[in-house]
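1. quick one: sequence plus predicted model below, questions after.
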Amino acid sequence: MVDEDIVADVDLTKRTDEEWSDIYHVQLVDSVIDTEPINEFEWAYKMCHSQYFPRPAKLKKGEIYNYDVAEQMEMRAMKINRDLYATADKSEKKMLDTGKYMTTKYVLNYTLKR
């Protein structure tokens, strides 16, 4: 994997599922709502392993629905999830494949650099 292709500005701020849904303009359908705030790595993993539907930003009167942000953020989540898998070792990939998020060595190093 080429380093230039890795998402370099992952948000490490812990937010609730509702806050991430507002940022990403999506609504998770089949996912358990976490009570603990999660960072963007966790959110991207969760989103890519759940069913969801796009929802437009809150509209002002007279505006039409625009799903561009949801599409862009969906692609961002897919790239973050790809980076998570591409940088994981065999045991980390095995754990991630179970559907349960884990902080990989890559995420830990990314967090320490920030």
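-> Perfect, I can see it now. Numbering: from 1, shown residues only.
2. which parts of this protein are helices?
-> For the chain, the helices defined by DSSP state H cover 17-24, 40-48, 68-86, 90-96, 105-113.
3. quick one, which of the ones you listed is nearest to residue 10?
-> helix 40-48 (4.9 Å; Cβ to Cβ). Every C-beta, even on glycine, is put in place using the N, C-alpha and C of the backbone.
4. against residue 64, how distant is the residue positioned nearest the centre of the chain?
-> In the chain, the centroid-proximal residue (Cα atoms, centre = their mean) is residue 44; its distance is 1.5 Å. With the distance defined as Cβ to Cβ, to the nearest Å, residue 44 ends up 28 Å from residue 64.
5. now do the residue located most distally from the centre of the chain, the pLDDT please.
-> Distance from the centre of the chain peaks at residue 62, with 31.0 Å (Cα atoms, centre = their mean). Residue 62 is assigned 72 on the pLDDT scale.
6. count the residues that sit near the spatially closest residue to residue 11 that is not a sequence neighbour.
-> Excluding the flanking residues, the one nearest residue 11 by Cβ to Cβ, 6 or more residues apart in numbering is residue 40, at 4.2 Å. By other Cβ atoms under 10 Å, 22 other residues sit near residue 40.
7. OK, contacts around residue 40?
-> Going by Cβ atoms under 8 Å, 6 or more residues apart in numbering, residue 40 touches 10-13, 20, 80.
8. please consider this matter closed, and thank you.
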